[in-house]
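[1] just to be clear, the model below is a prediction. Sequence and coordinates:
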Amino acid sequence: MQRKRFSFSGFIPLLVTFAFLAGFFYPDMKAGGVRRALYAAQTVPQRVSLALQIEQDTQQGYLWPVGLYWDVLSHLRNQYYQPVNEKQLTYAAIRGMLAALHDPYTRFMDPTEYRSMQEDTRGDFFGIGAQLQEKDGQVIIYRPIEGSPADKAGVKAGDVIVEVDRKPITGMRVDDVVKKIRGPRGTKVELTIRRKGQAKLLHITIVRDLITSPVAYAYMEDEKLGIGRVRLEQFNEKCDQLLVQKVRELEAKGLRALILDLRYNPGGLLNVAVDVASRFIDNGVVVLIQEKNGQVTKLFAERGRALKPYPLVVLVNEWSASASEIVAGAIRDNKRGVIIGETTFGKGLVQTIFQLQDNSAVAITTAKYLTPSGYDLNRKVDPDGKEIKRGGIQPDIVVKQSEEMTDIDDRAHDVQLQKAVEYLREKLTAPRVASSQ
Amino acid sequence: MNTYAPRRILPWFVMAIIAFGTGWWLRQQLAALPVATANPGARVTSLQEYSPKQSYTMALAPGDSASPVSMDLMQLFYSVFKYVEKQHVDYTPEQAKPMAYGAVRAMLQSLNDPNTRFLEPEEARLLQEAGKGTYYGIGAALTVVRKVSQDVERRELTVIAPLPNSPAEKAGLQPGDVITEIDGRWVIAYDPFRQVQRSGVRGSELVKALEDARKRVMAGLDLRKALNALTNKDQAPMTLTVRRGNATLKVKVTPGVLTVEPVTYRLMPGGVGYLRIAQFNTQTPDSLKRALAGLGNNLRGLVIDLRNNPGGSLEAAAQAAAMLVKSPALALVETRNGESKRRQPVNISANPRVKAPMVVLVNHGTANVAEVLAVALRDKAEAKLVGERTFGDGLVQTFIPLPDGSAVTITTGKFFTLSGGDFHGKGVYPTVAAPTVPKQGHDLALEKAVSLLSQQRTTTRA
C-alpha cells in the first residue's frame, strides 16, 4: 500500500500539468485535431524564443519593418473584405522591403526561384547555353557559351531578347526569362532577337541541351612575335587550371607577350579571381574587401604561382563584371599590365545567400570589392534609376568596339584586339630600337 | 482503499480541472489580444488603438486568429530583416523606416485594389484633415477607378466631385473627369509595355513602341506622386489635362486651402426648403441639426441636394440619416467572416424631424455614403431622386492609423441597400432624370424638384 500511494501522488502533478497543456492546446485540437495540437506544442519553444527575440529588439526602439508589416498583415487578415493569401502578401512585403534598399543585387527568391538558382550554380541544367543579363530594363545575351546550342544557332553577345516562343518578355525579370527558355532536353525554343545595327528582328530556334561549364580559349595572334591571347569566359572552379594549361600551349608556340581577354566575362567566384590574379602578380594585393563595419580585408596574391612576367594587356568591355573587374583592377593597380577596351560594368558587390525556413532565400550584399588602391568600382543609381556614379574600371587605353563586329571571333573588325596586338608589338620591338641607339 | 481514495483524489481532480481551465483561459487571453476589433463602419474615421506589443504576443499563441503558418511568415519576414540589418554592407538604421514603408506599400499593392493603400504620415494627415472638412490643393474628392479592357488594366485618376467653392470647381472640373496629365506629365494609368505586347505590332515598329513606352514611364507620374501634387497647397498654378467623355481639355487650377461648409440651406418661395449636404465629415451632423432648426417645422417640401457629395464618414451619414428618415437601419454592410461573408445592418436611432415630402438631387458626383443615404431616402421616406445616375462607389474603406503617424486604408466591406441591392460600379438611377449642370442661370434639376413637390402637394389635396 505504501508503494502504491507513493507512485500515485507522483503521478498527480503530471496529470495536472497534462490538464493544463490540454486546456492550452484545446483550440488547436478543435481546429485541426491532435496533429495540429502536436505541431503547435512542438513549436512552442521556437515561438517563445522568437517572441523574446523580438521583444528584446523592440526595447531597443520600434522595430520598424517587422512591426509595421505585422500590424498591417493582421489588419488585412481580420478585416479585408476578401480572403487574403498571407504567404503571397509576405513575399510581396519582403520584396518591397528589399527594394527600398535600392540595391539590385539584394533580392528575395521564392522557393521556385531559389531552386532554379541552385541548378544554375551546379551547372547541370538543360538550356541553350547563354548567360543573360538585365540592363536598363532589357534582357540581353551576355555571352553565348562557346559550342553551346545558342552559339551554334548564331546567338551573339549583346543581342536583346524581345520574345521567347513569340511571347513578348518586356518588363519581365531575368529570372523569369531564364525559366521560359529552359526546358526538357531536345525540345525547341524560339527567341526573337533585336541585334545592334539590324532593322529587322531575328527569329532563332534553338534545341535545348545539357549545358556544361564554360572554359578558357587560347589564340596565337602574332606567331612571328609570339603574341598570344587567352580568353576566359567566366570564373568557375576550373578556370585557373585551364588558364595555365592554355598559357603552356601558347608557350609551346613561342609566347612572348600575352593578352588576357576578359570581355563579356560576367565574373564568378572570388577565390578564383584571386587565383587567376596570382598568375600575374607575384607579390601584392589583389583586392580589398570592405565589410559592413568598414573593416577592410586585404587579399594578397598567392606567392610562387605567377607565370613568366610576359608583357601583358587585359582586354575589357562594358560586359566585364565582378571577378573580371577584380582581376583587371589588380593588374592595373599593381602596374603589371595595360587595360584596353571600354569601361567595365561596375559590379563591385559581394552577395551572400541565406536560405530561409520555407526554402525561399535571400541574397544580400554583404561586402564591397575595392581595387588595391581603394577604388570602389560599383556603379550607383538613385531611387529613380538614374546613374549617380558610373563605376567600373576605366581602361588605360579606351577603344570603342567597331559597330561592324558581328562575333567575338570576327578579328577583322575587332579593333580592341587589334589595338592590343599593336600595343604589344611596339612593346616587344621598342627595346631593340632603344639599345641600337 | 476504495472508500479512502475518492477523498484523496478529489482535490487533485479539482486541481486538474482548474489547470485545464487555466490553460484554456491563458490561451484565450493570448489569442484574443492581437485580434483587432473589426469595425465595419466608418470610412476614413474608425481610429484604432495601437499597442505594438499586442502583435508579437501572437507568436506565442497559435490558433484560429493566428494559424501556425502566420507565425512562420512572421519569422520569415523577421529573418530577412535581421539578415539585412546585420549583414548588408550599406545598411544604416535610417533605412529601417523606408524599408518598413516599402514593405507595407508593396504588400498592399499586391492586392491590386486601388483603394487599399499605404499612406505616409503627411498623406495620412491630409486624409484626416479632409475628414474634418479641410482640403488642401485643388479641393476635389478623387478616386482611382480600375478598368480592364483587352487584358490591359487601367487605373484612372478620376474626379468624384469638386467641393463647393474649391479651386477645382472654379476651374470647371466635373464629376467623372479623368485627370490624364499634370503640367504635361503623364499620370501613369497602365503598364505601357503590356499595352505594346497586346497591340500585336512586330518588327521595327515593336522596337520603336517599346522605346516610346520606356520614355513615357520615365517621364510620367505614378498615382501616388500625382495625388500628392493635387493635394499640396503650396503648389504653383498647374495645368491639368482632363478627359471628359470623348473630349480632352486643358484646365488651369490654382491650388489652395479650402474649408468646406458641410451643410447650407435656404427657404425658397412656396415654403419649400433647400438643403445642401456637401460631404459627410465630423461637422456634418451638427451642421445639419442647425439647418433643420433654421428651416422650421412648417415646410411644405424639402429638397436635399446631394449632388457632388463624394461621401465621407459612415458615422456622420448615419447620424444625418437619423434626422431625415424613419428606418431602423441605413444600409447593409457585407464583411468577410473567415472564409464566408456576412451582411450586417448599419443601425441608426431614427428620430426624423422632417414631416414634409422630400426630393433628393443626385448626380455623377454623388458617391459612397451619399449614395447610401439617397437610396435610404428613396426606399424609406418615399423621396424621389432627381438628376442623373450616381457615381457607383459602394466599397467601405477603413482608415487605420499606425503608430508613427502613417496609416493604411483598406477595403473592409461593401455596401448593399436595405433591400439587398448592389450599386457598386453601377450607380443608382434617378427616379426622374434631369440635367444637373445649370444652364443660363437655371438649375433645371432644382426646378424639376420644386415642381415635383408642388405636384405632390396638389395630388395630396385632391
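    It's in. All of these numbers come straight from a predicted model, not from anything done at the bench.
[2] bridged to residue B:361, which residues?
    residue B:305, residue B:386 (DSSP bridges).
[3] I figured it hits residue B:447, correct?
    No. Look at residue B:361 against residue B:447 with CB atoms under 8 Å: they stay out of range, at 10.9 Å. In this view, the C-beta of every residue, glycine as well, is placed from N, C-alpha and C.
[4] higher neighbour count, those two?
    Using other CB atoms under 10 Å in any protein chain shown as the criterion, residue B:361 and residue B:447 rank with residue B:361 on top: 29 against 12.
[5] for chain A, see how far away the more buried one is.
    Remark: distance between residue B:361 and chain A (CB to the nearest CB, to the nearest Å) = 30 Å.
[6] which residues touch that residue?
    Residue B:361 is in contact with B:303, B:304, B:305, B:306, B:307, B:386, B:387, B:436, B:445, B:446, B:449, counting by CB atoms under 8 Å, 6 or more residues apart in numbering or on different chains.
[7] hmm, 6 Å instead?
    B:305, B:307, B:386, B:387, B:445 (CB atoms under 6 Å, 6 or more residues apart in numbering or on different chains).
[8] and the pLDDT for the closest residue to residue A:226 other than its chain neighbours?
    Closest residue to residue A:226 apart from its sequence neighbours, by CB to CB, 6 or more residues apart in numbering or on different chains: residue A:256 at 3.5 Å. Looking at residue A:256, its pLDDT is 95.
[9] so what's the residue count around residue A:256?
    18.
[10] residues contacting residue B:415?
    B:331, B:372, B:394 are the contacts of residue B:415 under CB under 6 Å, 6+ apart.
[11] so the last one makes contact with residue B:423?
    The one in question is residue B:394. Yes. Counting by CB atoms under 6 Å, residue B:423 is a contact partner of residue B:394 at 5.3 Å.
[12] higher neighbour count, these two?
    residue B:394 (26 against 23).
[13] for the more buried one, give me the backbone phi and psi.
    Residue B:394 adopts backbone torsions of phi -110, psi 20, taken as degrees, to the nearest 10.
[14] using the three-state scheme, assign residue B:354.
    When classified by DSSP: H, G, I helix; E, B strand; the rest coil, residue B:354 comes out as coil.
[15] can you tell me which residues contact it?
    Applying CB under 6 Å, 6+ apart to residue B:354 gives the contacts B:302, B:324.
[16] kindly recompute the last result at 10 Å.
    Counting by CB atoms under 10 Å, 6 or more residues apart in numbering or on different chains, residue B:354 touches B:273, B:275, B:292, B:295, B:297, B:299, B:301-302, B:304, B:323-326, B:377, B:381, B:383.
[17] what do you get for residue A:250?
    A:218, A:219, A:220, A:221, A:226, A:227, A:228, A:229, A:230, A:256, A:258, A:310.
[18] quick one, grab the pLDDT at it.
    On the pLDDT scale, residue A:250 is placed at 96.
[19] residue B:378 touches residue B:417, doesn't it?
    Yes. Counting by CB atoms under 10 Å, residue B:378 sits close enough to residue B:417 to count as a contact (9.0 Å).
[20] overlap in contacts, those two.
    Going by CB under 10 Å, 6+ apart, residues that sit against residue B:378 and also against residue B:417 are residue B:428.
[21] where does pLDDT dip in the stretch 51-200 of chain A?
    Along the stretch 51-200 of chain A, the parts satisfying pLDDT under 70 run over A:55-63, A:119-125.
[22] where along it do the helices fall?
    Assigned by DSSP state H, counting those that start in this stretch, the stretch 51-200 of chain A shows helices spanning A:64-79, A:86-99, A:111-122, A:149-152, A:174-181.
[23] can you say which of those is nearest to residue B:187?
    Comparing the helices of the stretch 51-200 of chain A against residue B:187 with CB to CB, the closest turns out to be helix A:86-99 (22.0 Å).
[24] what's the burial count for the closest residue to chain A within chain B?
    Nearest residue of chain B to chain A: residue B:106, at 2.3 Å (CB to the nearest CB). For residue B:106, the count of nearby residues is 21 (other CB under 10 Å).
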